[in-house]
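A.B. asks: no letters, just coordinates:
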């Protein structure tokens, strides 16, 4: 199997300190695909235990719980979104950044003994565990073979260094990468190294500091600042997945189609009043194969669909008949997002930068705290030209990236009003510049009603099986889950197989969703004549995809965004399995506010690119986004020109291609 230690430096929202590197450090190239192991073993889903479904920590009651600072500091219980950087707020992601910031300040004044950097800018390779024997200390250099009879059993690694070990001579074979000292390589199942290469890291600039017990963000490119991604996930970040008691138990599947059986249980729960927290109860499915010839509609708020995992006995949803969608989680009324306008107020002529929690309005008449709003920023001909997206031509025909008048939409809630300024429950991922919106009337906010929106639903602890179909993605293929018009939901602990049309799709009317501990695979190579399939599709906002893994025998997209996907959205700890070739790629026509953190994709990588005329003129697919602390065969990180766009960074391992 591939044996590789994920980089274990500060994770997720250490991005607030480290996100927008202004240049890419030279990074090591992963071992060639032709040398990779063919072990295609897949992870098993495990018995359910209470887990943390967003980056925050909490008790089983679903409430937030602060973490303990690693250095002395004054803490506060305040949790006002407009002071999102205040010390002690409940989102542990931001708390972690505070701790790192305090650590920088504290360590500047109280430098620790030089333990890790005993050999500055070097990696020391020891022949015995626990740093035993005579070390060979090596600085940055080319691939080097270990001397005959020598062994690498433990490592001391300076803070500015990487090492990549190989189990064959000359940098070939399976690889193991680390930036952390290791006392026992045998515990990592990699004590048979034959060669290695050492790399030097570039220390990033500090973009966040602590001032008066608050995080202070450095302003970049005039008005933009490092974005806070901590509101991604169920409950708006930092909220643990609740444990909801079973109200309905379906102990064994029927002999035939189970669609109607499960649907009837959902409908029956809809007649029960929700409790004070908005939940009606859990439908518990017993072990066995639940055959689904139709689509189950999870259309009642406060309902959790939960399988059973008891050793080898597991609940499996088995698609039967023609390819179709197995579960549809949709609200009952979507018209509010499309046309209904209660109150509409325009922004002032002031530029609003990336990462802002506030919006200056010309008037706040009719607005109140807790209003649900859509911030809509029109696409203009001037902005399209600025990005050179007016020059897309393929085979002599002009390609349309986005049309003037199209809208970039951000779904938010008002948390405070002061004068003519409103504060939002999550920062904005896209710069609003009046000179690029005025010709289309300017940016504005409009209120909408939550009626009909599905809320507080979950799917957990089960397996699901489609069937491999040899057609292209434009033909009928299996799909597991489609979510639309949903807020505050989770998907946890699933194993999904052969859903060629996509395992999970989260539409643009979805927000505050956690997808965790999902393994998704396809068993055979899909026909790619109409493009490559995607396993996870993110189109909504405040989505947290955490601790998931994927496998495919041919090229595939593990994660894609689509036109106008506005974050913050986070992909955290995504790993490939076996001999896979997969990519994370914002796919078309401008997504913003995506964080990829600690992704380990040995056969693929992360692509933040201008796709030019690909597809139907996909053009610039992403801006204001970050790839951090990850491992891949390649990283393509490009930055749109001239548009006040913060540059994504390469803080990762793999062949890195970056551009300004």
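C.D. replies: Structure's in. What do you need? Owing to the predicted nature of the structure, the values given are computational and were not obtained by experimental measurement. Numbers count the residues shown, from 1 in each chain.
A.B. asks: any stretches of this protein with poor pLDDT?
C.D. replies: When residues are selected by pLDDT under 70, those of the chain lie in 1-120, 173-177, 179, 187-189, 201-222, 333-341, 641-660.
A.B. asks: the helices in it, which residues?
C.D. replies: Assigned by DSSP state H, the helices in the chain fall at 15-18, 92-109, 259-269, 335-338, 381-386.
A.B. asks: so what's the nearest residue to residue 316 once chain neighbours are set aside bridging to?
C.D. replies: Distances taken as Cβ to Cβ, 6 or more residues apart in numbering place residue 463 nearest to residue 316, at 4.4 Å, with adjacent residues excluded. From N, CA and C alone the C-beta is placed, and that goes for glycine too. Residue 463 has these beta-bridge partners by DSSP bridges: residue 316, residue 495.
A.B. asks: so residue 463 is in contact with residue 313, correct?
C.D. replies: No: in this structure, residue 463 is not within contact of residue 313 by Cβ atoms under 8 Å, at 11.4 Å.
A.B. asks: so those two - more neighbours on which side?
C.D. replies: The residue with more neighbours, out of residue 463 and residue 313, is residue 463; 20 against 10, by other Cβ atoms under 10 Å.
A.B. asks: distance of the more buried one relative to residue 598?
C.D. replies: Relative to residue 598, residue 463 is positioned 26 Å away (Cβ to Cβ, to the nearest Å).
A.B. asks: one more: residue 565?
C.D. replies: 21 Å.
A.B. asks: go on, residue 518?
C.D. replies: Distance from residue 518 to residue 598, by Cβ to Cβ: 16 Å.
A.B. asks: and if you look at residue 582?
C.D. replies: For residue 582 relative to residue 598 (Cβ to Cβ), the value is 16 Å.
A.B. asks: next, the distance between the ends of stretch 351-358.
C.D. replies: 11 Å (Cα to Cα, to the nearest Å).
A.B. asks: ok, now stretch 303-312?
C.D. replies: Start-to-end, stretch 303-312 (Cα to Cα) is 26 Å.
A.B. asks: so how far is that stretch from its chain's centroid?
C.D. replies: 25 Å (Cα atoms, centre = their mean, to the nearest Å).
A.B. asks: buried sites along that stretch?
C.D. replies: Neighbour-count burial for stretch 303-312, counted by 16 or more other Cβ atoms under 10 Å, picks out 303-309.
A.B. asks: go on, stretch 465-479?
C.D. replies: Buried-residue list, stretch 465-479, by 16+ other Cβ under 10 Å: 465-467, 469, 472-473, 477-479.
A.B. asks: ok, now stretch 418-430?
C.D. replies: 420, 422-430.
A.B. asks: stretch 610-630 now?
C.D. replies: 610-614, 617-630.
A.B. asks: neighbour count winner among residue 565 and residue 598?
C.D. replies: Applying other Cβ under 10 Å to residue 565 and residue 598 shows that residue 565 carries more neighbours, namely 29 against 21.
A.B. asks: look up the closest residue to the more buried one, ignoring the ones flanking it.
C.D. replies: With sequence-adjacent residues excluded and distances taken as Cβ to Cβ, 6+ apart, residue 565 is closest to residue 591, at 3.9 Å.
A.B. asks: and that neighbour, how many residues sit next to it?
C.D. replies: 30.
A.B. asks: what sits against it?
C.D. replies: Counting by Cβ atoms under 8 Å, 6 or more residues apart in numbering, residue 591 touches 561-562, 564-567, 621-623, 625.
A.B. asks: what is the nearest of these to residue 181?
C.D. replies: residue 625 (31.4 Å; Cβ to Cβ).
A.B. asks: surely the closest one meets residue 585?
C.D. replies: No: if you go by Cβ under 8 Å, residue 625 and residue 585 don't touch, sitting 11.2 Å apart.
A.B. asks: state the distance from residue 406 to residue 557.
C.D. replies: Taken as Cβ to Cβ, the span from residue 406 to residue 557 is 23 Å.
A.B. asks: which one's more surrounded, the two?
C.D. replies: Per other Cβ under 10 Å, whichever of residue 406 and residue 557 has more neighbours is residue 557, with 22 against 19.
A.B. asks: that one and residue 528: what is the separation?
C.D. replies: Counting by Cβ to Cβ - residue 557 and residue 528 are separated by 11 Å.
A.B. asks: what would the contacts of residue 591 look like in TSV with distance to residue 122?
C.D. replies: Shown next, in TSV, are the contacts of residue 591 (distance: Cβ to Cβ, whole Å):
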residue	distance to residue 122
561	41
562	46
564	48
565	43
566	44
567	39
621	40
622	37
623	38
625	34
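A.B. asks: hmm, back to that, closest to residue 552 among the buried residues of stretch 418-430?
C.D. replies: Nearest to residue 552 out of the buried residues of stretch 418-430 is residue 429 (Cβ to Cβ; 29.0 Å).
A.B. asks: need the contact list for the nearest residue to that closest one once chain neighbours are set aside.
C.D. replies: Leaving aside its sequence neighbours, residue 429 sits nearest to residue 593 (Cβ to Cβ, 6+ apart; 2.5 Å). Residue 593 makes contact with 227, 229, 354, 428-430, 566-569, 624-625, according to Cβ under 8 Å, 6+ apart.
A.B. asks: excluding its backbone neighbours, what's nearest residue 392?
C.D. replies: Nearest to residue 392 is residue 399, by Cβ to Cβ, 6+ apart, at 3.9 Å.
A.B. asks: touching, the one you found and residue 393? I think so.
C.D. replies: Yes: counting by Cβ under 8 Å, residue 393 is a contact partner of residue 399 at 6.6 Å.
A.B. asks: contacting residues around residue 133?
C.D. replies: Residue 133 touches 126-127, 153, counting by Cβ under 8 Å, 6+ apart.
A.B. asks: could you do residue 596 as well?
C.D. replies: 571, 574, 584, 606, 625-628, 630.
A.B. asks: who's it bridged to?
C.D. replies: Beta-bridge partners, per DSSP bridges, of residue 596: residue 571, residue 627.
A.B. asks: going forward, the N-terminal residue is numbered 3.
C.D. replies: That works, and once the first residue is 3, the last one we named lands at residue 598.
A.B. asks: ok, it to residue 449 distance?
C.D. replies: Between residue 598 and residue 449 the distance is 33 Å, computed by Cβ to Cβ.
A.B. asks: ok, residue 624 next?
C.D. replies: Taking Cβ to Cβ, one finds residue 624 at 29 Å from residue 449.
A.B. asks: surely residue 567 meets residue 540?
C.D. replies: Yes: the criterion here is Cβ under 8 Å, and residue 567 meets it with residue 540 at 6.1 Å.
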